[in-house]
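J.: Fold the following and give me the result.
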Amino acid sequence: MMARVDAPYLTDTAPPASGARTGYTLMAGLLAAMMLGGTLPIPLYVLWASRIGFGPLTVTVVFAVYVVGTLITLLFFGGLSDHIGRRRVLAAALLLAAVGTGVFLVADQVATLVVARVLSGLAVGLASGTATAAIAELHPRGDHRAAAVVASGVNMAGLGLGPLLAGVLAEYAPAPLDTVFWGYLGIIAVAALALSAVPETVSRRDGPVTLRPDIGVPAPMRGAVVGAALAVFAAFSVLGLFSSLVPGFLRGTLGLRNLAVIGAVSFLIFVTGAISQAVFARLPARRSVGTGLALLLCGLAGLEGSLYVRTLWLFLLGTLVAGAAVGLIFRGGLAELNRTADPGRRAAVTSTYFVAAYVGMAVPSVVIGLVSRTTSLLTASALVAGAVALVGLTALTVAMRTFTAPSPGHLGTPGERLAQGA
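T.: This is a model prediction of the structure:
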């Protein structure tokens, strides 16, 4: 279900080296700005709940429609920029983000919140795969592994900056629900200026655009795509589980009311992911994903254990381990797909990867919101955590069999040895 043109695949154009270098930096900043907008509302739901009047289930619904908006664009238009160019699609994403932000500014009922979240989801969906593909194409040396480190690190950093910025403004700024979104409109304006200076990397092909069931899984790399998708699904499921637990655990269990602190804790898991990608930037994709999945299981155990013993230090430790794991998995999977994807299908393949990620992020929040209506939050989170652990173990097995193996003679990482039964 992707917009595409019935024509041979597009080849990348070759912008001048200086233009590529500048465009590479600007495109990374644009991606961060778009991802920031996707998580900006997270600490603000408590303020809307007080102003409009709704409960936890409504928060789950509003979060879910954001993911639905993201998935619609990834599924239907994930490969569109392969045919009409990266800049055109990113301009549309910025416009949708601006309109959605305007709706947030006037939100006075649940319906307007839903509309705003759908629009922001559409914007993020258009931007994520497109900007990631453009970063790979704009790397001055054509190094797709280095580009994957930057793209995935910027993605994680942007996701983390959203709740941090919103939490600080919500706690300390006057009229927080206005200040946050007027500030983001300014960020969108700067991103639009940056886009105007980015060179196009795809030659344009005219032709009829049709919708057809295709999420960009070329047959020669199907195994690698499945392994990467399962791994990132598990990783982002932990992010979704974490996002579902943070407000209730910090506010309800530990009695922390400061929104800036809650935003900072949310930021912690994302920034740890970004840092782990930078620190282990040279780790081959197979080892990165294998090690990340092994750590993910440990981090998940720490997060769940902290709910039962009601201990902040264990929750923070689980956050750090899980964040590092998510960063390793996200970068490793993206690096493998960047390396093996045909240039004419790169945006479609990376969009498939993001589909798996966003489905993973949505599932825990929705399931916990529904199951906790008939049982306790602890039971609901334990059920979700158990399911995520099973997916993680499956992903570990598939990725170790389908990703490129490390050089001969290397003993491998703990993740690889776990997968191999060593």
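J.: How many neighbouring residues does residue 146 have?
T.: When neighbours are defined as other C-beta atoms under 10 Å, residue 146 has 18 of them. For every residue, glycine as well, the C-beta is placed using N, CA and C.
J.: which residues in the stretch 251-400 of the chain form helices?
T.: Taking DSSP state H, counting those that start in this stretch, the helices of the stretch 251-400 of the chain run over residues 259-279, 285-309, 312-340, 346-371, 377-402.
J.: Tell me which other helices or strands the first one touches.
T.: What it means is helix 259-279. helix 144-172, helix 222-247, helix 312-340 (3 or more C-beta pairs under 8 Å, 6 or more residues apart in numbering; DSSP states H and E).
J.: Kindly report the same for the second one.
T.: For helix 285-309, the packing partners by 3+ C-beta pairs under 8 Å, 6+ apart come out as helix 222-247, helix 312-340, helix 377-402, helix 414-420.
J.: By mean pLDDT, show me the worst of the ones you listed.
T.: Among the helices and strands packed on helix 285-309, helix 414-420 carries the lowest mean pLDDT, a mean of 39.
J.: can you redo the helices and strands packed on helix 285-309 as JSON lines with mean neighbour count and distance to residue 99?
T.: Formatted as JSON lines, those follow (neighbours: other C-beta atoms under 10 Å; distance: least, C-beta to C-beta, whole Å):
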{"stretch": "helix 222-247", "mean neighbour count": "25", "distance to residue 99": "25"}
{"stretch": "helix 312-340", "mean neighbour count": "25", "distance to residue 99": "29"}
{"stretch": "helix 377-402", "mean neighbour count": "19", "distance to residue 99": "33"}
{"stretch": "helix 414-420", "mean neighbour count": "19", "distance to residue 99": "43"}
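J.: Which of these sits closest to residue 125?
T.: helix 222-247 (14.2 Å; C-beta to C-beta).
J.: just the angle between the closest one and helix 312-340, please?
T.: 150 degrees (axes from the mean of the first three to the mean of the last three C-alpha atoms, to 10 degrees).
J.: Quick check: residue 378 touching residue 308?
T.: Yes. Counting by C-beta atoms under 8 Å, residue 308 is a contact partner of residue 378 at 6.8 Å.
J.: The closest residue to residue 43 other than its chain neighbours: what's it in contact with?
T.: Nearest-residue entry for residue 43: residue 167, 4.2 Å, with adjacent residues in sequence omitted and distances by C-beta to C-beta, 6 or more residues apart in numbering. Neighbouring residues of residue 167 by C-beta atoms under 8 Å, 6 or more residues apart in numbering: 43, 259, 260, 261, 262, 263, 264, 266, 267.
J.: Repeat the analysis, applying 6 Å as the threshold.
T.: Residues in contact with residue 167 (C-beta atoms under 6 Å, 6 or more residues apart in numbering) are 43, 259, 260, 262, 263.
J.: Quick check on those residues: which are buried?
T.: 43, 259, 260, 262, 263 (16 or more other C-beta atoms under 10 Å).
J.: Can you check the pLDDT for the second one?
T.: It refers to residue 259. Per-residue confidence (pLDDT) for residue 259: 84.
J.: Hmm, it is touching residue 43, no?
T.: Yes. Contact criterion C-beta atoms under 6 Å: residue 259 and residue 43 qualify, at 5.1 Å.
J.: list residues touching both of the two?
T.: Shared contacts of residue 259 and residue 43 (C-beta under 6 Å, 6+ apart): 167, 170.
J.: how about low-confidence regions in this protein?
T.: Residues of the chain meeting the criterion pLDDT under 70: 1-20, 56, 204-220, 248, 343-347, 404-422.
J.: what packs against the host helix or strand of residue 26?
T.: Here residue 26, judged by DSSP states H and E, is contained in helix 17-39. On a contact count with 3 or more C-beta pairs under 6 Å, 6 or more residues apart in numbering; DSSP states H and E, helix 17-39 meets helix 110-138, helix 144-172, helix 176-196.
J.: Present these as a markdown table; the columns should include distance to residue 91.
T.: Conversion of the helices and strands packed on helix 17-39 to a markdown table gives the following (distance: least, C-beta to C-beta, whole Å):
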| stretch | distance to residue 91 |
| --- | --- |
| helix 110-138 | 10 |
| helix 144-172 | 19 |
| helix 176-196 | 6 |
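J.: Quick one, which of these gets closest to residue 351.
T.: helix 110-138 (3.4 Å).
J.: Need phi/psi at residue 202.
T.: Torsion angles at residue 202 (phi, psi; degrees, to the nearest 10) stand at phi -130, psi 130.
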